[in-house]
Structure formats: structure tokens, C-alpha cells
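**Student:** Structure for this input, please:
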Amino acid sequence: MADVPAKLSLSIFDPTQPFIEKARSVFEFQVANNPVYRRFAFHFIPAGELPETVDDIPLLPIRAFKECNLVAEGFEPELTFKSSGTGKMDRSSHHVVDLDLYRRSILQGFSQYFNSTEFTLLCYAPGYSDNPDSSLLWMLQYLVDLDKNGQSRFLPLGQPLRSSNIKRAVQNDRQIVLFGAAFGLLDLLDLDSLKLPGGSHIIETGGMKTHRREMSKTDLRYKLANGFDVPLDHIHSEYGMCELMSQLYAIGDEWFEAPGWVHASVRDPLNPARPCDPGEEGKVAIMDLANLYSCPFILTDDRGVINEEGKLAVLGRWHSAALRGCNFLIDRD
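**Tutor:** Residues are numbered from 1 along each chain as shown. Down below sits the predicted model:
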């Protein structure tokens, strides 16, 4: 692998380097090596120039992962993830050139909040098992494999959480992290699963693959907390997708915090170059520098808001009619 991307892949995780400096270096690599992004970016920034601020970096619409072959020239993917879909539905493809880069992004993001030597990971992801190219399943399997004691595992689908699952998981004074698709976890409750032991945590991915319910994020968190007998501040959320190499976590509430190599913002859907003010709804924009070889600068089709601290709340999929003219934070209060 060439020296330039190898050095870049290390520098993007450097906490001492300002994000804009890392982003400029990745932008240079992208316009030099990614013909799709180069053609797009040069509509906004003349060739040879660099963005002055993070907000000046052009954001590629996420549908490009469905319509284009987004991979840097001269690099061969080790693996390709595909979004979920059925029949002839268009599916996004994310070509992963460097799996070690992906592993580092997963581990550093997760380890900010959970030490793999202290927790046993129990995974439950119905609706994803029929997609062998799922990035979520790959991520969960990687985290399971990190457990040298062999206690972390995938729970069998369609079966309740049993005492045997819990007894083995808490050996050696370890605590449980139950990690799974949001509505799959509700399915576990419907199966009369046991309560979780004290100190347990739950991470829901937001996946709604069973499509059996309509429920707000707040109601979901309360139902999981009450159903599994877990404190509300032990109910967390993960935000990720096929098109991203990194994950954002909302720890104990509904506000996601980006790791140091990711920048999250909310953009005006009519003018994506304009960042929305805190509390103003718009489209979620993610700059994930771990997407070094695909495209790091993405305008998603998710709806969200940023608060005064720069944290992100995801409000669902974007629909033109969903825009509210009032301030979201005031509405919440």
C-alpha cells in the first residue's frame, strides 16, 4: 500500500491534530484518487484549492453509494458491504479497501465507552441475518471475537433471553452489554426474556427491521429500560450505516457524539453548504475520515438537529414535508 494513504490512515486517529487539518489531507487524497468525488467537488472548489473550513468541504449525496463505484483508483477492496434490501431494490455498496482501518475505527469508537475486558457482549440482530454483506453483523462479530474468554456471543434468533445466557455472560465479574437492533430487542421482551442483572447496559442500533411498531426514541428507551430492568441512563444508541466506517454513540440519552475523526452536522436541505443553527432541523451530514478509500464527505437522507454542544439527534428519515419551521430544542422543552 502506498505511503501516502498509509500515513493518512494513521493520522486521522491522532487526537492532537485538528479535524480541519486531517480533513484537508483526506480531501486532497480524494480529489486526486476518487474520480466520482473529484468531479463533484470541482463544482464547488476550483482544482488545486483546499477548503478553508470544515463547512466548505463539498458533501456527496449518499445515493452515490447506490449509483457509482466509489473506490479510490488503484486500490482493490478487501470486502464490500451492502445495505439491506429485497428483490430488485437498489442497494448501497461500500467497498472497504483496508479492513485494519475499519477494525481500528470500530474498536476506538466502542472503547471510548466500554472496556471489552469488563463487559460481555450479547448480540441480537434479527432482520440482518439474511444479509451476508451486512456491515452491522461484521462489526458485531468483530467485537464478539475480541472477547478472549469466549463469553460474548450472538443470541439465537426467536428465543428468549434465558438464565443460561446470563449465567455464562457474567462469569468473572463481567457486566453485560446487550447490543442489537431496536425492534429486535423489543421482540426479546415479547418472548418473556429474563431481566438483565444489575450493572447491565443496552445499546440499540435504531434498526427497525421487524416493522411491527411505530414508536418514538424516547418511548423505546423507556420500554427497554422497564422491560429489562435496566436504568434509563444505561440505555444507549448507536448510529451507523453501510456507507460509514465509523459509528456514533449516544450514551445514556438521545444525543450522539462523534469520535475525533468524524464530524457530524445538520445542513439546510435546500442549500447543503449552509449548516443549520442549533435546534434547526435539516439533513444529517457526516464526515467520516475512516472512509478514506470510498467517500468520507456525505450528505445523508436522515433528518436531525444539532444542539449547542455540537451533539446530534437523529429524528428519522428525511421527507420534504417533515421540515418544521420552529426550533426543535424549544419544542422538546
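**Student:** How many residues are close by Tyr124?
**Tutor:** The number of residues packed near Tyr124 is 21, by other C-beta atoms under 10 Å. C-beta here means a position set from N, CA and C on the backbone, and glycine is covered the same way.
**Student:** I should have written Lys167 there, sorry.
**Tutor:** 10.
**Student:** helix/strand/coil for it?
**Tutor:** Under DSSP: H, G, I helix; E, B strand; the rest coil, the three-state class of Lys167 is helix.
**Student:** any idea how far it lies from Leu194?
**Tutor:** 10 Å (C-beta to C-beta, to the nearest Å).
**Student:** Next: Ser105.
**Tutor:** For Ser105, the distance to Leu194 - C-beta to C-beta - is 34 Å.
**Student:** Between the two, tell me which one has more neighbours.
**Tutor:** Shown here are Ser105 and Leu194; by other C-beta under 10 Å, Ser105 has more neighbours (25 against 15).
**Student:** Checking that one next. Helix, strand or coil?
**Tutor:** helix.
**Student:** Then Lys7?
**Tutor:** Classification of Lys7 using three-state DSSP returns helix.
**Student:** and Ala125, how many residues sit next to it?
**Tutor:** Neighbours of Ala125 using other C-beta under 10 Å come to 22.
**Student:** That one contacts Pro156, doesn't it?
**Tutor:** No - with contact defined as C-beta atoms under 8 Å, Ala125 does not count as touching Pro156 (11.6 Å).
**Student:** tally of neighbours for the residue nearest to Leu99 when sequence neighbours are not counted?
**Tutor:** Nearest non-adjacent residue to Leu99, counting by C-beta to C-beta, 6 or more residues apart in numbering: Glu78, 4.9 Å away. Burial of Glu78, expressed as a neighbour count using other C-beta under 10 Å, amounts to 12.
**Student:** so Glu78 sits right up against Val96, yeah?
**Tutor:** Yes - with contacts counted by C-beta under 8 Å, Glu78 reaches Val96, the gap being 5.8 Å.
**Student:** and the strand or helix carrying Arg267, what does it pack onto?
**Tutor:** Assigned by DSSP states H and E, Arg267 belongs to strand 262-268. The contact analysis (3 or more C-beta pairs under 8 Å, 6 or more residues apart in numbering; DSSP states H and E) places strand 262-268 against strand 271-275, strand 282-288, strand 297-306.
**Student:** Packed most tightly, which of the ones you listed would that be?
**Tutor:** Most buried of the helices and strands packed on strand 262-268, by mean neighbour count (mean count of other C-beta atoms under 10 Å): strand 282-288, with a mean of 25.
**Student:** Centre of the chain to that one, how far?
**Tutor:** Computed by C-alpha atoms, centre = their mean, to the nearest Å, the chain-centroid distance of strand 282-288 equals 11 Å.
**Student:** per-residue confidence averaged over it?
**Tutor:** If you average the pLDDT over strand 282-288, you get 97.
**Student:** now it and strand 262-268, what's the angle there?
**Tutor:** Interaxial angle of strand 282-288 relative to strand 262-268 (axes from the mean of the first three to the mean of the last three C-alpha atoms, to 10 degrees): 160 degrees.
**Student:** Just the CA atoms of strand 282-288, as PDB, please.
**Tutor:** Only the C-alpha atoms of strand 282-288 are listed here, as PDB (Å, rounded to 0.1, in the frame of the first residue of the first chain):
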ATOM      1  CA  GLY A 282     -32.200  19.600   8.400                       C
ATOM      2  CA  LYS A 283     -30.400  16.700   6.700                       C
ATOM      3  CA  VAL A 284     -27.700  14.900   8.700                       C
ATOM      4  CA  ALA A 285     -24.200  15.300   7.200                       C
ATOM      5  CA  ILE A 286     -21.300  13.000   8.200                       C
ATOM      6  CA  MET A 287     -17.600  13.500   7.500                       C
ATOM      7  CA  ASP A 288     -16.100  10.100   8.400                       C
END
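**Student:** Sweet, I'm off.
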